[in-house]
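Student: Task: produce atomic coordinates for the following.
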Amino acid sequence: MNWEKRDIPPELVKDLAAKYGCDQLTASILARRDIIRGEEIRYFLEDDLRYLRNPFELPGMEDAVDRILAAKEEGEKVLVFGDRDVDGITSTTLLWGFLSRLGMDVSWRLPQGDEPYGLSMTAVEEFAAAYGTLIITVDCGVSNAAEVARARELGVDVVITDHHNLRDELPDALAIVNPKLAVSPPYPFRDLAGCGVTYKLVWALRFALKSETYGQSLCLLNIRPSNDAYSIEIAKLRNLVVIDRLVETVIPGMVGITDTRLPRFLEGQQILTWDLPLQKKALFKIFGSGVEIHMLEIAPEIGKEIPQTLGKSLLRIKELSRLARYSDKPQGELDVFINLFISFIQKRENLFTDEDGVDLQLASLGTVADIMPLRDENRIIVRQGIEALQRTPRPALQSLFLKIGLAGRRMSAGELSWKLCPVINAAGRMGDPGKAVSLLTQEEAGERDRLADDLIALNEERKTLGNDTWTKEVEPLAEESFKDFGGTLVIAAGENIPRGVTGIMATRLVSRFKVPAVVVALGEEIAAGSCRSVQGYDLRPLLEQCADLFIDWGGHDYAAGFSIKKSNWEPLRERLKIVARTIELGEGEDEETLTIDAELPHAYLAPDILIPLLDRFEPYGEGNKPLSFLARGLRISDILLMGKPELKHVKLTLDAGKYKWPGVYWQAAEKVKKEFDQGDQVDLVFEITRNWFNHTETPQLVIIDLKRSEESGRRAT
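Tutor: Sure thing, here's the model as predicted:
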């Protein structure tokens, strides 16, 4: 393997460290990963929920909140309709739980058995027949135009919360909340999970119920001198989101206030300012004594909640602001004022409480399970969710932790993905996702214990079913199709492929063949398919060329699904043969090249340096691979072979001077005495993990590649 450490300018590292208040090792890793914009960096260096984006930046959010609160006031019957996977299950649990605590008449429903993905006609019609009036979809809905139209016919309003890719035709719902909607301005981060969107909806509902500022617009006004003129800067906020800005630069005595845009912009608004006497004095200089703008002084009120601002100007406060340092645009006094006001309302009205931690436990699971990029807001959602899971897990999750060996230990996003999420997911894959929601919402301890056992049993059944299906059905069919489809697409379709494992099988095919994969369960009348893709190839164009054959379809860029009449399967297969000819796949990453985040001198090979660094870049996963390091000249002081029944792996003790590190080197037993031996000086590329054994946690190195020092020097690049 070749080792590659990207060169970065030393001055860039110094600048990042100084500007963002981090050490130079952290700054060098950020730079090497091309994370150099403040907006990106803040999600690696900050954990506080106030760094998440305001939920009202999402299109449709205020309409959704208004309709839900109206249903609460009128005692309407509400249905939360979700999806069958972990994202849908956690979204359903989260929203149903919150609305239930408000005392609303709310029920939940998920697709059962072989029902299609998304809102169904049956669900709509049965709910309307039971005198229901509001359906809220979570993690689904944007592909259900016909079902939403039917709901309207029956007098049922639909609020859609979703994160899947959009079709050309959107449902005629009362509100659609989706970060991918093409609106102006667009939501800054399109890759929230469905449960991330649901969490934002619950956050918005809490704000509406708590804050007197909900649904009200107000203006923050600041006047500052600008050469021989004055700049009057105003921001208009609604639900703590800036919805408009105005800057008027006026030379004193040259124009009257009616000749400016100020009267129209400020009409009917509550106007807040910082340092009222100073602002009034500036207005007098600009327009004379005949002009009065009715403003309220807010600085003393903010000072009560944020004491460090007392007696300080906005310019002075800017120097103290952590939030301002992450802005990629120059921050003026008005920007500081906006940030201060938002922080003030958050603190005064106690907008973030322990309830957020309880909800984020679910949101973190859905985000990890749906393989969302662990960048931007998803990092805080997952970090805070895992922290809450370790601190005070929801009772149902604690029941599962006790049974799968996660109780009482530190958890990573990877462990949740490998150990917990598949257990929850098994319910949907085996046709009974409601069992998972029942567990997550269950209050009685004995019933929770029984349901947890049921889910674990379903997961074991799913594993067996998946292994059998792979060996007997999917892999042989895919091998055959690989040639038929020109080596750019693999397909496995059969009547013996269970619907619940099509997604897992498609994922395994992508790993096996390195091309997009389609796995289809052929039912008696309906076929259900799952599609997975390699990075760099978007599935949407492929599916769009076949859309006329589908009953329904949708998903993400690299993971999607569809349902189709069984009679249309062969026409679809023939069409896919044509489409496969147009698939162009990138070269992909060179598997023989290891990308290195930092080379560490021996003095840095210390737990008190590396463990905080490891934690700072957690969570690892999609879009944020684990840190990999290079160290040179370590001596192997001990070697032990491991493995049952065959000794395939190696445990090493590596002498770094002050510290001796345990290290594991998987599948490397055959290399001992050939490529390295006890007493050798070696250079190695490694990751850092925590080894949990006998209730004790120990940091260790996981070796990716290792060379005798004289050999590795010739290979490093």
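
Student: which residues are in contact with stretch 492-506?
Tutor: Residues from elsewhere that reach stretch 492-506, judged by Cβ atoms under 8 Å, 6 or more residues apart in numbering: 114, 428-431, 462, 465-466, 469-470, 472-475, 477-478, 481, 509, 517-523, 527-532, 559, 561, 569, 573. All C-beta atoms are positioned from the backbone trio N, CA, C, and that covers glycine.

Student: got the buried residues for that stretch?
Tutor: In terms of neighbour count (16 or more other Cβ atoms under 10 Å), stretch 492-506 has its buried residues at 492-494, 497-506.

Student: the longest helix in the chain is where?
Tutor: Secondary structure of the chain read by DSSP state H shows that its longest helix is helix 445-469.

Student: What's the first helix or strand after it?
Tutor: helix 475-484 (DSSP states H and E).

Student: What is the neighbour count of residue 288?
Tutor: 12 (other Cβ atoms under 10 Å).

Student: And it, how close does it get to residue 228?
Tutor: Distance of residue 288 to residue 228, computed by Cβ to Cβ, to the nearest Å: 17 Å.

Student: What helix or strand is the residue lying closest to residue 138 once chain neighbours are set aside located in?
Tutor: Leaving aside its sequence neighbours, residue 138 sits nearest to residue 91 (Cβ to Cβ, 6 or more residues apart in numbering; 3.7 Å). Assessed by DSSP H and E, residue 91 sits inside helix 86-101.

Student: Also residue 124?
Tutor: Short version, using DSSP H and E: residue 124 is in helix 121-129.

Student: about what we covered before: so which of the buried residues of stretch 492-506 sit within helices?
Tutor: Among the buried residues of stretch 492-506, DSSP H puts 502-506 in helices.

Student: For the stretch 451-600 of the chain, just list every one of the strands.
Tutor: 490-494, 517-522, 526-532, 550-555, 559-565, 593-596, 598-599 (DSSP state E, counting those that start in this stretch).

Student: So what touches the second one?
Tutor: Think strand 517-522. Under Cβ under 8 Å, 6+ apart, the answer for strand 517-522 is 474, 478, 489-495, 497-499, 502-503, 505-507, 509-510, 527-533, 566, 569, 576.

Student: how does it look with 7 Å?
Tutor: Residues outside strand 517-522 that contact it (Cβ atoms under 7 Å, 6 or more residues apart in numbering) are 474, 490-495, 497-499, 502, 505-506, 509-510, 527-532, 566, 569.

Student: can you check stretch 174-184 too?
Tutor: Taking Cβ under 7 Å, 6+ apart as the rule, stretch 174-184 contacts 58-61, 63-64, 67, 142, 157-163, 165-166, 170, 187, 189-190, 192, 197, 201.

Student: so how far is the first residue of that stretch from its last?
Tutor: 19 Å (Cα to Cα, to the nearest Å).

Student: what does stretch 52-72 give?
Tutor: Stretch 52-72: ends 27 Å apart by Cα to Cα.

Student: tell me which residues in that stretch are buried?
Tutor: For stretch 52-72, burial by neighbour count (16+ other Cβ under 10 Å) applies to 52-62, 64-69, 71-72.

Student: quick one: which of those residues sit in helices?
Tutor: 61-62, 64-69, 71-72.

Student: picking that back up, now do the contacts for the residue nearest to residue 138.
Tutor: Contact analysis of residue 91 by Cβ under 7 Å, 6+ apart lists 82, 138-139, 194-195, 198, 366.

Student: Ok, residue 305 next?
Tutor: With Cβ under 7 Å, 6+ apart, residue 305 has these contacts: 344, 347-348.

Student: Of these, just the buried ones, ChimeraX syntax please.
Tutor: The buried residues among those can be selected in ChimeraX (16+ other Cβ under 10 Å) with this line:
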select :344
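
Student: Serialize the contacts of residue 305 to TSV and add fields for pLDDT and distance to residue 212.
Tutor: Converted to TSV, these look like this (pLDDT from 0 to 100; distance: Cβ to Cβ, whole Å):
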residue	pLDDT	distance to residue 212
344	95	13
347	94	15
348	94	10
